[in-house]
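J.: when you get a sec, could you give me coordinates for this:
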Amino acid sequence: MDLSQLLAWIVAANTIINFGTTVYTLMSARATKAIEGIKALDGKISALSEERQKASDKVGERFQKVESRLLKIEADMEHMPDREQANALALAIEKLSGRVGILDERLTGRIETLSERLNPVQAMASRLQELEFEREK
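T.: Presented below is the predicted three-dimensional model:
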């Protein structure tokens, strides 16, 4: 092998190495851009995941509040009268108001009677008072 053949082989090897280096650089640059894009997407996904978790926590807290309010309302409703009991209470109140009306009429009549009976006593007291005033003079 002479020197020109050896030089041709060296130039060919150098060309192949340069071509390989160029391909590697291009692939590496694209891979680097892809990795940077993946990292940016990962950051966005993490931020969205945190926001979703916060929103989920808020919804959970609100659900707990609504559930506790509902339990309180249910507990209060257990002590409230149902339709039949409310109807019975209304009838009992109506019956009592009728009795109160009757008692009011009776008492009004008795007070009027008592007033009529006390009128002569009042007249007699007035006359006695006038008599005492005349004696004093």
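J.: shaky segments in this protein?
T.: For the chain, applying pLDDT under 70 flags the ranges 1.
J.: where along it do the helices fall?
T.: With helices called from DSSP state H, the chain shows them at 3-78, 83-136.
J.: redo these as CSV? Include mean neighbour count.
T.: The C-beta positions use only the backbone N, C-alpha and C, and glycine is treated the same way. Output for those, formatted as CSV (neighbours: other C-beta atoms under 10 Å):
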stretch, mean neighbour count
helix 3-78, 10
helix 83-136, 10
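J.: what about residue 44, distance to residue 79?
T.: Using C-beta to C-beta, to the nearest Å, residue 44 is found at 54 Å from residue 79.
J.: swap in residue 65?
T.: For residue 65, the distance to residue 79 - C-beta to C-beta - is 22 Å.
J.: over to residue 102?
T.: In terms of C-beta to C-beta, residue 102 sits 33 Å off from residue 79.
J.: cool, residue 11 as well?
T.: Counting by C-beta to C-beta, the gap from residue 11 to residue 79 is 101 Å.
J.: just residue 25 next, same as before
T.: 81 Å.
J.: ok, residue 6 next?
T.: In this view, residue 6 and residue 79 are 107 Å apart by C-beta to C-beta.
J.: please apply the same query to residue 32.
T.: 71 Å.
J.: one more: residue 2?
T.: Distance, residue 2 to residue 79, by C-beta to C-beta: 114 Å.
J.: how close does residue 81 get to residue 59?
T.: 36 Å.
J.: an error on my part: the question was meant for residue 73.
T.: With C-beta to C-beta as the criterion, residue 73 and residue 59 are 21 Å apart.
J.: same thing with residue 103?
T.: 61 Å.
J.: before we move on, what about residue 3?
T.: From residue 3 to residue 59 the distance is 82 Å (C-beta to C-beta).
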